[in-house]
Structures are given as structure tokens and as C-alpha cells.
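S.K.: What follows is a predicted structure for the sequence shown.
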Amino acid sequence: MGSSSSSRNKIPNAQELMDQTGFSSAHLLRLYDRFESLDRDNRGYLSPDDFEALGGLAMNPIGGRIIDAFFSSGIPWTFPPLSGFWLISVQLTETVTKKEHSKSSPTAGPGSSNLYDLDRDGKISREELLQVLRAMLGLQVTEEQLQSIAERAIQEADLDKDDAISFDEFKKSLEKVDIDTKMSIGFLK
Amino acid sequence: MATSWGFTLFLCMLLIACGGLSLASEEAEPRNSQTDTGTGSSSNTTGEGGHGAGPITTLPIVTWKWHHISTQYLVALWILVAWLCKLIIESNHHVTNVIPESALLICFGFVLGGMIWGADKVQTFMLTPTVFFYFLLPQVILDAGYHMPNKLFFTNLGAILVYAVIGTCWNAASLGLSLWGCHMGGLMGDLDIGLLQYLLFGSLMAAVDPVAVIAVFEQVHVNDVLFIIVFGESLLNDGVTVVLFNVFDGFVSLGGSQIDATEIVKGVVSFFVVAFGGSLVGIVFGLLISLLTRFTKNIQIIEPGFIFVIGYLSYLTAEMLSLSAILSTVFCGVLCQKYVRANMHENSVQTVKYAMKVFANGSETIIFVFLGISAIDKIIWVWNTGFILLTVFFVFVYRFIGVFFLTWILNRYRLVPLEFIDQVIMSYGGLRGAVAYGLAVMLDENKIKEKNLMVCTALIVVYCTVIWQGMTMKPLVTWLKVKRAEVNELTLLEKMTNKMFNHTLVAIEDISGQIGHNYLRSKWKYFEEKWISRILMKPSARKKQDEVFNVFHQLNLKDAMEYVAEGECRGSLEFIRKESVAIDFRKKFESEYSEDMPDMRANMSNGHRATSTTRDPFPSVSVEIHKHTMKAMTEAEAVNAHHLLDQHLYKSRNQHRHRFSRSKFIINKDEKEVQEIFQRTMKNRLESAKMGGSPKTIVKHTKKEHQRKMPKGKSISQTKLCHSGDEDFGFSEGDSASGYDLPYPSFPMRDSKPGGGIENSAFVSDLYPTDSLQTPPWLAEGELDSSMVAPSLRAQASLPTSPIEMRHLGLLRISTRSTDTKQMDIDQLPPPPTPPPPPPSSNM
């Protein structure tokens, strides 16, 4: 712990953060290290380019979308992260789990809806759904099949018959899914 | 309900009575009824055993050969009786709501055992280890493995292993040692059991029993994680049980003095060998099945059999190598399920699924019944209050202690900790079952003097856990408000979002630079898709892999079924007809529906071949679609219309094929149908030319018009009725259609193209005589029709007779593809105001 306390000084307002989040200093340090390694140009904030450089994300079929969602607020990512869902989710949970999406939090809520919603009009249109599907299903499925899947998915959730899924409808359709369990990942162990 | 109950009860009693009594006289001396065929050994004195009884004076016409079939007969009879028990139990829902089925089955076993006892005064039937381990258990385990929810299982594998390995060892050791301690303390009186024997007993009582757990938890619907942990534990702890049992059995044989460090080390080593070796055997066999199903396309009928045979072989092989057979079978099932499902034809997949359930459920039933029957045996009634009660007590208490302690450790590492209530249920779900009993019976009486006491105790523990804990489980779950499994309706969006979540999680792990579950899983998936699937899966099957796509397919099937079952399902209809949907999409749906239609009732899933990728015979589409619509008509009208459609519409011939061929379900190839269509068209045109004008075409048209005018939601009962009518015709259609064709000698489809079942000689030769003899079904209908003339006459006024329309229709009949869709478009027009009733039957 000796070394960690020395390097903890690097982190701006570390104590405050720890109080806010309930992280131990080791956790914070781990996060900070990761932040620094991501921030290759030492700009002090993260940009989408930094994320795109990650090999795993580049391979991820919806990687671009996820990066978009991370940077959706337009505020550059500094450390401690002021935007995005890191901080929010951390506050939500006592345990060291991280939640990307949580119904209980109004700001984090649209997170996964954002992943669908490209034009940010608060609705998922068929076209948008189709794009996600295309990205995720890959080449194995024909375009017509994709279309029918998208159609079907819209029908399932679309309550007001406007041919698009609003955020409320989206939430409703996923009510039964135990998102907390599903979207928790082990973190900072 | 009551009558059926009474009837079955009566039937059951009758069977038991005659079974029991007749066996009683004959079965008295061959106690090993299960294995001994008993032909030569017991030439009975009753005189009715005709075989070789003495020199015959005259040629017997009928002889009584009970000995030839006694074993087989008894086996079959017992299976029947056990299943009848289940039938009786299951027809009383208010009872099964309170008492779980397994407990009731055991109670029935008591009753049956009592009856046999009453008749025989000897325990004639009991659950022998051979029968249990080789004939009853494997299918239950295979079923468990094959239907294992893989993702859930592997996500919780860590926890499952901890409970299965450490938990079981703990149970065995603590039980054995405590009992020994109590013995030393003098609580049990005079018993000839040493420490090692106690440990042996502990090891056989330690394992949670898969059969009992499945039976009880299936009815309680606890949440998935809880279920998989208990269930997985019960399956995987077999490796531990077998090892512990063997090791202690060996120790007991060796005697206390010869056990040194080497032997103990050997025991530990043997654990790893048995557990991992068993799993390995399973994996090898699983791969074998997967590989094999790649190539079974041409023997579709016995394709499902491979799963069972190889699954059983994996069990036997592991047993032969003295490895854990249960582990082997579980892993075999777990491994092969994905590839088997992808590789085999969908019919075969369904067959495997249902056959597996039949076997598993059947033998589960038999196991429980026989567990009950086995109790009624004087020999094993050895009562030792201290021993028995203490065992029950310790089994219960140590289970709780073990689970709570292990969970406490696990929860420090688990993302979603197991709650207190979950732990209670897990502890309470520690049911012991037939495995414990089977192992107890296998004990060697020479080495263990108190074997009967142990068997007795094992039985009592089994009864306590299965009956008592099984009964109280449900109230407990309700009372503690355990999170239940939700009845999830399958939705596409949910699945999609799920998949997206997975990607997101992987991405977040990437960003946070950490190698977690999700990261590993995605890597594994990638590897699997790239390599394993390539080897084990048919190229064509790989497409269907995707989850989202699968759900989509299933939803479509479900829709199709609902559509049939309810006649008119608003959603699906809407779905087809929605204008905005792309044409191809619509086609796909229809072909799927049409494929499903004819055999829907006979075989829930016959039509899967139209799995949205293969565009199936197109001409059939329109026909079948009309068939749907017809369901909305009254029966008489349907009958009338049916004949007409029968005569004029293109028929897909895939319905009667398999009635004649044992080895193939061949569905027509396109060309054949086109040919037939051509033939029919020509024939019809000829006829209509003869008649001058084409009344039939017109009639047909009105028919269709009529159909679409029918109000959608006729009462269910009516539609049902019509549907069943439909089905009957499904049979006759084939015959009548061919009957029709026959008089035309130049019918080319008879001698062309191999592959269609039509040139199957059996089929054809069968057809000729019936054709000449049989009254074509539509003739019979004709009589019916004549009674319907009155409404029909009214209709004639509104017959569309404009020649343009007629010509249009004529055109429609010639070409197959494009016009069929056109026809459908016509169908989809809004209905005219007045429905013309069916036309007269005179047009025949």
C-alpha cells in the first residue's frame, strides 16, 4: 500500500472521489492507471479515438456504437469521469459492480436505448433497429430476414403504433429482464 | 375427472391384482426376476407351462407359455403400472399442488408393495442396483445434460463445483464422523460398525440426488440461478460420491491397519481421475455424436436414435472404466446439444426432445414407485432408533451448515451474492434419493454386518427428504418469498437487447482493460465459431446459429400454431397482411404457415423446413392459405368447399407420403408439383371446355370470395370443428387426388423422377386397388352437399360471370409462381358486402 499512497497524489481530489464512490484507494488507483493507459497522448481526457484504438472494441460488432454512447454527452472524458455512466453507476451501488444501464437512474437509463437510437430523437425507428441488427447478426442472414426481424421487434414493443419504439416502450418491454444481474460485471477485484 | 379417476384406479388395481397374484404363484422361487429369464430353471408344476413339460400326445393348438415371456411381461407390466400411477396422480391437480408428485409416487409404491406383500409374503420386487444404474438412471441423466441451460450452467459452474465437491465431501465426512462419535458415546447401543464403515455410509448418504431434485424443483419454479446451483450440484457431485464410495469401500475391504499415506494419496488421485476422466469420456462421446449427426442426413428416421445410443454408450464406457458415469453422460449431453440441434433435421430434433422426455420421465416415475415398493421388505426392517434418527438429523443439519459456510465463502467472490433465503432453499433442497439407496444396496454384506440397517436408514432418509422436504418446499418457498422464475414470454427485442448487452459488457471490459467473464466468453465464442462449429456443424446449419434469429424463427412457429389453434389470431394475420412489409418477408411467412398447416396437429413441428431460408414449393402456398381461411366457414360449407378445392386446387403431396414409406419422409420437389399443376390445369380446362364455359373456375372463385367474407372470429368451437374436418380430409386428399389422376393414362408424374415417394412400389400398388374400390371421399361429401342445396341456390345470383374475370382466372391457373401471389393479393382485398353461400354441388 505504500507505493499506492504515493501515487495516489497524482489523482486529483482523490479523497473526495473515494468518499463519493466508496472506492478504496487501490480501486481508484487501478482506474486511474487504466485511464492513463487509455489516454495515449496525455491530454488529460479521453476522446473516441482513444477507444477506437482498442483492439477488442474494434472487433466488437457494435463497438462504434458503444463508443458513441460513451461520448454522447459531448463532454470530453476527464478523470474523474464527470460524464458517462461510470460515476453514476458507481454511486448507485455499494458493491464494486458497475452498471451500464439501470432503470432506476434517470440519466443512465437511456444508455442502452442510446445504443439503438442513432439520431437521438428519443425513438428507435425501424431503420435504426435494422442497423443494429445488421451489425450484430453479420452476413449469415439475408437482408429480408433482417427486415422481418426488425419489423417483428418493433411490433412487439410498439404500444402506440407509431412504428417506432420510444424510450418508455423500450423500458416496458424489458421490464421482466433482470438487467441488474445481466449488466453487472466483476470489476476491480 | 372423477370418473376417469375412478376408472384408472380400477384399472390399476385390476392389473396389480392379476399381476401380483399370478406372479405370486409362479414367481415365488425366482427372486431375481429382473435378470433371470427363467425358462429352463423353473419348469413349473402347475402343468400349464407347455414347453417341454412332457411328451405330447396330440398337437396342441394353443399352449400357455408363461415362462417364455415372464420376465419381459413383468417388466412391461410394471412399467405400465408405474405409469398408470402417475396418470392417476397427475389427474388430481389439487393433490399435486400440495404434495409433490415424487412423494405421491413413493406412497403408491408403498401401497403396491403392500399388496404384493399381502399376496406373496415375500418381497418379490425391489429396485435392484443393476436395474437402477443401468436401465433407469442413464436416461434421466442424459435428459438432464441434453436439456441443460448451457449458459446458466457454465456461468455458475464455479459455485456448482464448490458445492458439488467440497460440499459433498463435507457432508460425507461430517455425517460419518458424527455418527461414529455418537456411537462411541453409546447412543446407538450395540452396533458392529467401525469408523470406516461410518465414513462409507456417510459417503453414500452425502450426495444430493439428481432425480429427486429435478422432481421437486421442477414443480416449485424457483429462480434460475438457485435452480441451476442445486441441480448442477446434484449432477456433478456424482463424481465425488462414486470416488468416496469406492475409496471407502476399498478401505473397508483393506481393513484399518493397511491404510497408510499412500492409500490416502491414491484415493485423492483417484478422485481427479474419476471426475475428469468421466467428463473426458463424456466429451469424447459428445463430439462423436456431433460429428455423426453431420452425416446422418440420409437416414433421417433413425437419426434421433444415435443420440440415445451414443449417450448410453458414454454412460457404459465410463462405468466400464470405473469413471463417473453420471458426469460422463451429463457432459456428453451438454456438449452435443448445440451441434445436434443444429445438425439434425428439425423433426429429428423434436423427436429427440420428446423421446428423451418420455424416457426420463418414465424412468423417474418407475424409480419413485419402486423406491416405495422396496420399503415393504421384512429383511431390511432393522430398527435402531439412535442410528436412524441421528442420521436423519445429521443429514439435515450438516447440509445447512455446509451450504451456509460455502455460500459465505462464495459470496465474497460472486457478483450477485446468494441471499439468505436462497441459501435456506438450497439447504432445504438437499434431497437424497435413489442413488443413495442404490449404493446402499450394493454394499457387501460380508464386509458390512449392518448392511440392512444402512439400507433401511438410507430409505428412511430418502423418504424424509423426498416426502417431507418435498412437501414443505413449496410452502416454504412461498413463505420466504423466494424469487421465482418468471414465466417469460419470448420477445425478439428482449433477445436482441440481451445480445447487445453482452457486446456492451465485453466492450466495457475492454475499456476498463480487464479480463473478465464476458471477455473470456466472447473469446470462447469466437474460437468456437471459428473452429469447433466448422468441424462439428453442417455448413448449412451454421446459419441458424444466431440467437436472435432463432428466437425469430420460434416466434414465427408459435404464431403459426396459434393461428391454427385459434383460427384467427389478430396479430399474426395483421402481420401477414401489413402492407408496409416487404414482399419477400410476407412470402416467407406464408410459406412457413402453409408448411405447418397440414401436419400441425399430427406433428407439432413438421413444417420447419421452411425455415425462412429455403423458399419451399411455391404453388402450395396459395392452396394452404385457402385452407386456413376455410376454417371460418360452417362445417357444411367447408365440406362443400373442400371437395371443390380438392378437385381444383394444386395440392402439395407431402401429406400422405410417410404413411407408406418406413424410411423416408420425402416432400415433393418443385418440379413434380409443377408437373402436377400443369396436368391438372390442362385437365380442368379440357373439362370446362367440354362443358362449355368454365363453371368450375367461377365456382372456385366464388368460393374464395366467400371465404374471405366470413367474419374472422367465429366461435372457437366452430372453427375447431371445421379444423378437425380439415384433418380428415388431409387423409383423403391424397387418395382422392391420386384416384382422380389415375384414369388419365398419360399422367407423367408416375414414372418420372426418382426421389418422390410416389414411385415407391408399395405406395403405388397399394393405391390401385383402393382406388377402384373406395368411394372417393368427395362423393360422400356430395351427399352431404345435396342436403345443403338450399343455401347454395341463393348464391347463384351473385356468381361472377363476366368473361373477363373468367379469363383472368384461367390465366391464373397456368403459371405457378407469380400468379399465386396474385391470387393471394386478390384474397386480401376487402371483402364484398354480401357473402354468397356455397354454390350447388351440381357442378360436379
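M.R.: Looks like it came in fine.

S.K.: I'd like the distance between the residue lying closest to B:Thr317 once chain neighbours are set aside and chain A.
M.R.: The spatial neighbour of B:Thr317 that comes closest, neighbours along the chain excluded (CB to CB, 6 or more residues apart in numbering or on different chains), is B:Val281 at 5.5 Å. Every C-beta, even on glycine, is put in place using the N, C-alpha and C of the backbone. Between B:Val281 and chain A the computed distance is 33 Å (CB to the nearest CB, to the nearest Å).

S.K.: And for A:Lys172, the neighbour number?
M.R.: 13 (other CB atoms under 10 Å in any protein chain shown).

S.K.: In terms of helices and strands, where is it?
M.R.: Assigned by DSSP states H and E, A:Lys172 belongs to helix A:167-173.

S.K.: Now do the buried residues in that helix.
M.R.: A:167, A:169-171, A:173 (16 or more other CB atoms under 10 Å in any protein chain shown).

S.K.: and it, what does it pack onto?
M.R.: helix A:110-116, helix A:143-157, helix B:492-511 (3 or more CB pairs under 8 Å, 6 or more residues apart in numbering or on different chains; DSSP states H and E).

S.K.: circling back to that earlier point, would you agree the residue nearest to B:Thr317 is in contact with B:Ala318?
M.R.: Yes. Using CB atoms under 8 Å, B:Val281 is in contact with B:Ala318, at 4.6 Å.

S.K.: any common contacting residues for the two?
M.R.: B:Ser328 (CB atoms under 8 Å, 6 or more residues apart in numbering or on different chains).

S.K.: List the residues that contact the residue nearest to B:Thr317.
M.R.: B:Val281 touches B:314, B:317-318, B:321, B:323, B:328, B:332, counting by CB under 8 Å, 6+ apart.

S.K.: Could you tell me which of these belong to strands?
M.R.: Applying DSSP state E to those, no entry is found in strands.

S.K.: These: which two are farthest apart?
M.R.: B:Leu321 and B:Cys332 (14.2 Å; CB to CB).

S.K.: Of those two, which one has the most company?
M.R.: Using other CB under 10 Å as the criterion, B:Leu321 and B:Cys332 rank with B:Cys332 on top: 33 against 16.

S.K.: now A:Lys161, what's its secondary structure?
M.R.: Secondary structure for A:Lys161, judged by DSSP: H, G, I helix; E, B strand; the rest coil, is coil.

S.K.: Give me the below-cutoff pLDDT ranges for chain A.
M.R.: A:1-28, A:31, A:39-48, A:51-122, A:137-141, A:174-189 (pLDDT under 70).

S.K.: Can you say which helix or strand has the residue nearest to B:Thr317 in it?
M.R.: helix B:261-294.

S.K.: need the helices for the stretch 101-250 of chain B, in chain order.
M.R.: B:101-120, B:129-130, B:137-146, B:150-155, B:157-161, B:168-184, B:195-206, B:210-220, B:224-254 (DSSP state H, counting those that start in this stretch).

S.K.: ok, B:Ile380 to chain A distance?
M.R.: Applying CB to the nearest CB to B:Ile380 and chain A gives a distance of 47 Å.

S.K.: any idea what sits nearest B:Ser203, other than its immediate chain neighbours?
M.R.: Nearest to B:Ser203 is B:Leu244, by CB to CB, 6+ apart, at 3.5 Å.
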